[in-house]
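Visitor: Got a sequence here, can you build the structure:
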Amino acid sequence: MASERSPNVYGGPPPQSDLRLVLLGRVGAGKSTVAKTILGRDNFRSEGGMCVKKQGEVAGRTVTVVDTPGWDTVKRTSTHIKKEIKNSVTLCPPGPHALLLVVPMGELLSSTDRKAIQYHVELLSVRAWKFTMVLFVSEAEEKCTSIEQNQLIDRAKSLLVKCGDRHHLLECGNSPSQIPELLKKIDAMVAENCEEFFIPQVYYELMETTMPREVTELRRMYEDREDRLKQKFKRELKEKEEELKKYKEEKPKEGLMKRTKKQDRSVMADNRNVDLQAVKQGYREETLSVVGHYVKPLIVIMTAVVGALMGAVAGAQHGTLGACIGIPIGIIMAVLVSYAVRGAATAARDIPITVKFEENESHRREEGADFFIDSPKSKGFDKDQ
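Guide: Just a heads-up that it's a prediction; the model follows:
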């Protein structure tokens, strides 16, 4: 019966109860240091040109690490080193779950370096890239800025494309809390590979020869289809991430545009209100002007009629002649009273304006303002002064 395993943090298959890793890299890349950091022990020493296998418990799991001898350039790597690299994957049967390609943070990754990496990794098989993760390492005291990290990742772009952009940054000798994060990424890669492990080439060729041709072709067809689906999903995921990023960048701009449009609408509404008020005021003044033009004569006429009636009534006491004389006298008196009342009303309206003007002019003269109003009232005021 299979042992129970805790669910994967990525929501996929649970992590392997045991994990098998193979470290690859050039001479002096820091593979032994990485092995010590993963297993948490200091007695991990390389054996010259030989592979070294160590095992330990990490986060409740059995982890097997195989350290390979470092390679040189394509032409300078010895046959013995090439043979050891090929045999490294057979030391952790039935095969490693992950191949960790160790690259120092200060590596220039020239064209020669990239060719050497591709050549030595593919000594295992072209299939090896499916199980490979690039591990950028640095010492704890060698702090690398984010700019330097991005520059190195850009230089390693061709390698990352081959291994599905799987990579991790590790500071060796630093806090052991980095190892669980590395193991999570390895578990994610294992889940992506449907919990398969890398089958050494010697066993793979044996399987190819003993397996019926139809089955072999069918398996290759499904592997190709799986690779195409993976690439398709990765492209779609990248497009969605770019769309989400673009949406987050454009959302504040849209909010600003909406606020600006709202403000413009508010200003336009205010302008319309102001224009409406001005129109209403104009209509009101025009109405009052019309009323004043036609009503005032009517008031005078009505006053004259009332005066005539009053004069006729008063003169009636002296007979018909007195009534006839009282009518014109009443009209004259009524008209005179009407004009007297209008004059008093006009004088009453002009008093506040004159007083206010005199107060403003006095205030300006006290402040010494050099300001004059060219109006008849202001000129009359200056002459009185």
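Visitor: gap between Ile81 and Phe131?
Guide: Counting by C-beta to C-beta, to the nearest Å, the gap from Ile81 to Phe131 is 21 Å. Every C-beta, even on glycine, is put in place using the N, C-alpha and C of the backbone.
Visitor: who does the strand or helix carrying Thr37 touch, helix- and strand-wise?
Guide: Thr37 belongs to helix 31-39 when assigned by DSSP states H and E. Helices and strands touching helix 31-39, as assessed by 3 or more C-beta pairs under 8 Å, 6 or more residues apart in numbering; DSSP states H and E, comprise strand 18-24, strand 52-58, strand 61-67, strand 98-104, strand 132-139, strand 167-172, helix 178-192.
Visitor: Name the residues that touch the second one?
Guide: The one in question is strand 52-58. Contacting residues not belonging to strand 52-58 are listed as 19, 32, 35, 38-41, 44-46, 62-67, 91-92, 179, 183 [C-beta atoms under 8 Å, 6 or more residues apart in numbering].
Visitor: Which of those are buried? Put it as a ChimeraX command.
Guide: Selection of buried members from these for ChimeraX, criterion 16 or more other C-beta atoms under 10 Å:
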select :19,32,35,38,39,44,63,64,65,66,67,91,92,179,183
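Visitor: Okay, domains of this protein per the record?
Guide: Following automatic domain parsing, one gets these domains for the chain: 18-198, 211-247, 293-384.
Visitor: First-to-last residue distance for the longest one?
Guide: Between the opening and closing residues of domain 18-198 there is a gap of 15 Å (C-alpha to C-alpha, to the nearest Å).
Visitor: same question, stretch 99-113
Guide: For stretch 99-113, the first-to-last residue distance is 18 Å (C-alpha to C-alpha).
Visitor: Kindly report the same for stretch 101-118.
Guide: One end of stretch 101-118 sits 11 Å from the other (C-alpha to C-alpha).
Visitor: who touches it?
Guide: So stretch 101-118 is contacted by 23-26, 28-31, 34, 71-74, 77, 121, 132-138, 142, 144, 148-149, 152, 155-156, 158-159, 162-163, 169 (C-beta under 8 Å, 6+ apart).
Visitor: now do stretch 73-92
Guide: Contacts to stretch 73-92, defined as C-beta under 8 Å, 6+ apart, come from residues 20-22, 24, 49-51, 53, 64, 66, 68-72, 95-96, 99, 112, 115-116, 119-120, 123-124, 198, 200-202.
Visitor: now stretch 148-168
Guide: Outside stretch 148-168, the residues that touch it by C-beta under 8 Å, 6+ apart are 101, 103, 105, 107-109, 114, 117-118, 129-130, 132-136, 169, 181-182, 185, 189, 192, 230, 234.
Visitor: For that stretch, could you pull out the residues that count as buried?
Guide: Residues 152-153, 155-156, 159-160, 162-164, 166-168 are the ones in stretch 148-168 that count as buried (16+ other C-beta under 10 Å).
Visitor: Tell me where the model's unsure across the stretch 51-200 of the chain.
Guide: 140-141, 173-176 (pLDDT under 70).
Visitor: If we use 90, what do you get?
Guide: When residues are selected by pLDDT under 90, those of the stretch 51-200 of the chain lie in 59-60, 105-108, 138-150, 152, 171-178, 194-195.
Visitor: pLDDT (mean, whole number) over stretch 328-335?
Guide: Averaged over stretch 328-335, pLDDT sits at 70.
Visitor: Oh, that last question was meant for stretch 202-214, not what I typed.
Guide: pLDDT averaged over stretch 202-214 gives 82.
Visitor: re the thing from before, for Ile81 and Phe131, indicate the residue with more neighbours.
Guide: Shown here are Ile81 and Phe131; by other C-beta atoms under 10 Å, Phe131 has more neighbours (26 against 20).
Visitor: what sits against that one?
Guide: Phe131 neighbours (C-beta under 8 Å, 6+ apart): 96-99, 189, 193, 197-198.
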